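Asks: no letters, just coordinates:
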């Protein structure tokens, strides 16, 4: 008895495992079909929801994403409800309760929208074959597919019925039954026309193609096989993609470039390539100077061509929305569609689609795609958000550096970083080596063409070079790189004391620093952040308060040290709650307020005092000008700051400094 129970349990477990395996192994098309059935079930049994592009006859079984977006190829869709494959309606009953009666392939053609294929099967003497015994798969062109054939091609097929038309129909047939589950991505099957293969692609979005023709009604079962209705008439292919390029005069320049880059052998080998092939017209649109430079540079040329090649086969009908796809060059192309047009990076530049070879597919484009890795610095900057900086580089006589083969990195401020007629020494925005922002580290020193030494500052929320923080992803060109930065860069021109002495707004502060005996501190090497009170900050005090402060060097030193933060913090490193430890006192609390979140304009506050001018760079730190004396923040008795009090030898404790500041009314 126990043995029988064990065997029964084992059978149940194995059966469940088999069911789970089948579910997991379900093909993308079957998954989409199942979703369409779920969406259509309220209409009755065996009803599938379809999405039809408005203004066209194109319909798709709907997946979840398409259902909610209600768009295919950027066009709005309407939901229609149809019988799922293999079922039909019964008058007076809801849904599609009746299974279609199985008939032979010939008779199946007439009920699945392929009556033209049925008619041509009669003419070609194919009827007996597809009515008789056997097990065939017929990729049957829809009526609309035949109507879309150019007249001259259709005439050529039907004028010699016993040969051309029969051969064409046999090429649509495989001498075995193949369901959609068996039409696996990248597979091919010998057709019944001289064993020429048909090529299958089964995409993750549920689209299935044969020779790039989309299966619009898969899995129409018959007594002697199965019919898949397709949206175009397919033709036999025997040449690889390189051969297709070799014989087309419109691709003569591309053919020459491929040979020069040494890519010919690759495109002759087995593979699954997609080539966006620039026509002669596309090459002619490029300035001769640029084109000749790239054609004469094997590395740039190879990058250029590889940017037009995917290592996967993408038929046009497989694209229902914009999808990023990696090229052989290593970067990404956005392959999409807009109605019937295929797009690249959002542009409808594809002029001819789905030219199929044995190892891939070619789509013709009328514009050349130049990757960043094949561009000079000037080309990287052209047309971007740094046009003002580019113009200033050229006006500064640096064009040769921007177009040459030096290993450089450009620090290019955004257009809105320039105000009025501001001009900076642009040579200090060109670094003497080609860098990646990913290789930068805190404290790293970089040298510019102008001879300045720049420091790298790494913060939790930003990566900065001096006062300028990186505002966009790197652009890496053929020889040089470009970092887009949010400000015009200011190299340090002296110590903190030099910065204060060189600005009349800080004349009272300079005297205060000297009185407090802090001149050496502000001249020595290090990294300090000075929230420097301007003359306006001091004159806002009463005469009594000011005289008392200036007459007490020790008290004055404590107040100034409360305005000096440890470490170097530029404005780009300030977040919503940033704390700085002052040399005296508990803490300086910094925050950022922007009246326009979408703008780059913002104000920094330190202990609620706004910074009037930020990022005056010094060799030993940074100065931020403020128009008020900073006061300690009031601490809640329930939340005292847990950090240790700081004091230096020979100076008062921070408690005493705070007490003195309160005593003077600060």
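Replies: Good, I have the coordinates. On a predicted model such as this, the values are computed, not experimentally measured, just so you know.
Asks: quickly list the domain ranges of the chain.
Replies: Using the TED database, the domain ranges for the chain come out as 28-98, 101-230, 244-365, 375-485, 496-626.
Asks: closest to residue 237 out of the ones you listed?
Replies: Comparison of the domains of the chain against residue 237 by C-beta to C-beta identifies domain 244-365 as nearest, at 5.1 Å. Where you see a C-beta, it was placed from the backbone N, CA and C, and this is true even at glycine.
Asks: what about that closest one, distance to the chain center?
Replies: Centroid displacement of domain 244-365 relative to its chain, using C-alpha atoms, centre = their mean, to the nearest Å, is 19 Å.
Asks: likewise for stretch 544-561?
Replies: Worked out by C-alpha atoms, centre = their mean, stretch 544-561 lies 56 Å from the chain centre.
Asks: what's the end-to-end length of that stretch?
Replies: Taking C-alpha to C-alpha, to the nearest Å, the first and last residues of stretch 544-561 lie 22 Å apart.
Asks: for that stretch, buried residues please.
Replies: 545-546, 548-550, 552, 555-561 (16 or more other C-beta atoms under 10 Å).
Asks: closest one of those to residue 264?
Replies: residue 561 (71.8 Å).
Asks: quick one: mean pLDDT for the strand or helix carrying the closest one?
Replies: In the assignment (DSSP states H and E), residue 561 maps to helix 553-562. Averaged over helix 553-562, pLDDT sits at 94.
Asks: continuing past it, what's the next helix or strand?
Replies: strand 564-566.
Asks: and for that following strand, what's in contact with it?
Replies: Applying C-beta atoms under 8 Å, 6 or more residues apart in numbering, the contact partners of strand 564-566 are 528, 529, 530, 531, 580, 581, 582, 583, 588.
Asks: how about a cut-off of 6 Å?
Replies: Residues outside strand 564-566 that contact it (C-beta atoms under 6 Å, 6 or more residues apart in numbering) are 528, 529, 530, 580, 581, 582, 583, 588.
Asks: and the strands in the stretch 1-150 of the chain?
Replies: 47-53, 59-61, 71-72, 75-83, 87-88, 98-99, 136-141 (DSSP state E, counting those that start in this stretch).
Asks: how close does residue 35 get to residue 200?
Replies: Distance, residue 35 to residue 200, using C-beta to C-beta, to the nearest Å: 22 Å.
Asks: ok, now residue 384?
Replies: According to C-beta to C-beta, residue 384 and residue 200 sit 42 Å apart.
Asks: comparing these two, which shows the higher neighbour count?
Replies: Under the neighbour definition other C-beta atoms under 10 Å, residue 384 and residue 200 were set side by side, and residue 200 has more, 21 against 16.
Asks: if that one is in a bridge, with which residues?
Replies: Beta-bridge pairing of residue 200 under DSSP bridges involves residue 210.
Asks: who's in contact with it?
Replies: Residue 200 makes contact with 183, 187, 210, according to C-beta under 6 Å, 6+ apart.
Asks: what do you get if the cut-off is 7 Å, keeping everything else the same?
Replies: The contact partners of residue 200, by C-beta atoms under 7 Å, 6 or more residues apart in numbering, come to 183, 184, 187, 188, 210.
Asks: for it, give me the pLDDT.
Replies: The per-residue pLDDT reported for residue 200 equals 96.
Asks: select, out of the strands of the stretch 1-150 of the chain, the one closest to residue 205.
Replies: For residue 205, the closest of the strands of the stretch 1-150 of the chain is strand 59-61, at 9.1 Å, according to C-beta to C-beta.
Asks: so residue 547, which state does it fall into?
Replies: Under DSSP: H, G, I helix; E, B strand; the rest coil, residue 547 falls in the helix class.
Asks: end-to-end on stretch 485-501?
Replies: End-to-end for stretch 485-501, by C-alpha to C-alpha: 29 Å.
Asks: so which of the contacts of strand 564-566 is surrounded by the most neighbours?
Replies: Most neighbours among the contacts of strand 564-566, by other C-beta under 10 Å: residue 530, with 26 neighbours.
Asks: on the three-state scheme, that residue is what?
Replies: Three-state assignment for residue 530 (three-state DSSP): strand.
Asks: which residues does it contact?
Replies: Residue 530 makes contacts with 496, 563, 564, 621, 623, as judged by C-beta under 7 Å, 6+ apart.
Asks: which residues touch residue 332?
Replies: Residue 332 makes contacts with 324, 325, 326, as judged by C-beta under 7 Å, 6+ apart.
Asks: so what's the second one scoring on pLDDT?
Replies: Reading off the confidence values, residue 325 has pLDDT 96.
Asks: comparing the domains of the chain, which yields the minimum mean pLDDT?
Replies: Note on the domains of the chain: lowest mean pLDDT is at domain 375-485, with a mean of 87.
Asks: and that one, end to end?
Replies: In domain 375-485, first residue to last residue: 20 Å (C-alpha to C-alpha).
Asks: same deal with stretch 170-186?
Replies: Stretch 170-186 has an end-to-end distance of 21 Å (C-alpha to C-alpha).
Asks: stretch 68-78 now?
Replies: So stretch 68-78: terminal residues 12 Å apart, C-alpha to C-alpha.
Asks: list the buried residues in that stretch.
Replies: Those would be 71, 72, 73, 74, 75, 77, for stretch 68-78 by 16+ other C-beta under 10 Å.
Asks: and that stretch, how far out from the chain middle?
Replies: 22 Å.
Asks: do the same with stretch 475-493
Replies: Its chain's average C-alpha position is 22 Å from that of stretch 475-493, according to C-alpha atoms, centre = their mean.
Asks: distance between the ends of it?
Replies: Where stretch 475-493 begins and where it ends lie 29 Å apart, using C-alpha to C-alpha.
Asks: residue 269: neighbour count?
Replies: Residue 269: 10 neighbours (other C-beta under 10 Å).
Asks: now it. Nearest residue, chain neighbours left out?
Replies: Closest residue to residue 269 apart from its sequence neighbours, by C-beta to C-beta, 6 or more residues apart in numbering: residue 359 at 6.8 Å.
Asks: what does residue 247 give?
Replies: residue 239 (8.0 Å).
Asks: quick one on the thing from earlier: just list the residues touching the residue nearest to residue 269, thanks.
Replies: Residue 359 makes contacts with 240, 241, 269, 270, 271, 273, as judged by C-beta under 7 Å, 6+ apart.
Asks: which of those residues are buried?
Replies: Among those, the ones that count as buried by 16+ other C-beta under 10 Å are 240, 241, 271, 273.
Asks: how close does the first one get to residue 255?
Replies: Distance check for residue 240 against residue 255: by C-beta to C-beta, it reads 14 Å.
Asks: over to the last one?
Replies: Here the criterion is C-beta to C-beta. By it, residue 273 lies 15 Å from residue 255.
Asks: please, where are all the helices along the stretch 401-550 of the chain?
Replies: For the stretch 401-550 of the chain, the helices defined by DSSP state H, counting those that start in this stretch cover 496-501, 507-515, 519-523, 535-539, 543-550.
Asks: now those in CSV, with distance to residue 314?
Replies: Shown next, in CSV, are those (distance: least, C-beta to C-beta, whole Å):
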stretch, distance to residue 314
helix 496-501, 58
helix 507-515, 65
helix 519-523, 63
helix 535-539, 64
helix 543-550, 74
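Asks: residue 615 is nearest to which of those?
Replies: Set against residue 615 and scored by C-beta to C-beta, those come closest in helix 496-501, at 10.8 Å.
Asks: now for the closest one, which elements pack on it?
Replies: In terms of contacts (3 or more C-beta pairs under 7 Å, 6 or more residues apart in numbering; DSSP states H and E), helix 496-501 is packed against helix 507-515, helix 519-523, strand 528-533, strand 609-618, strand 621-626.
Asks: quick one on the thing from earlier: doesn't the residue nearest to residue 247 belong to a strand?
Replies: No: judged by three-state DSSP, residue 239 forms no part of a strand; its state is coil.
Asks: what's near enough to touch residue 393?
Replies: For residue 393, the contact set (C-beta under 7 Å, 6+ apart) comprises 402, 426.
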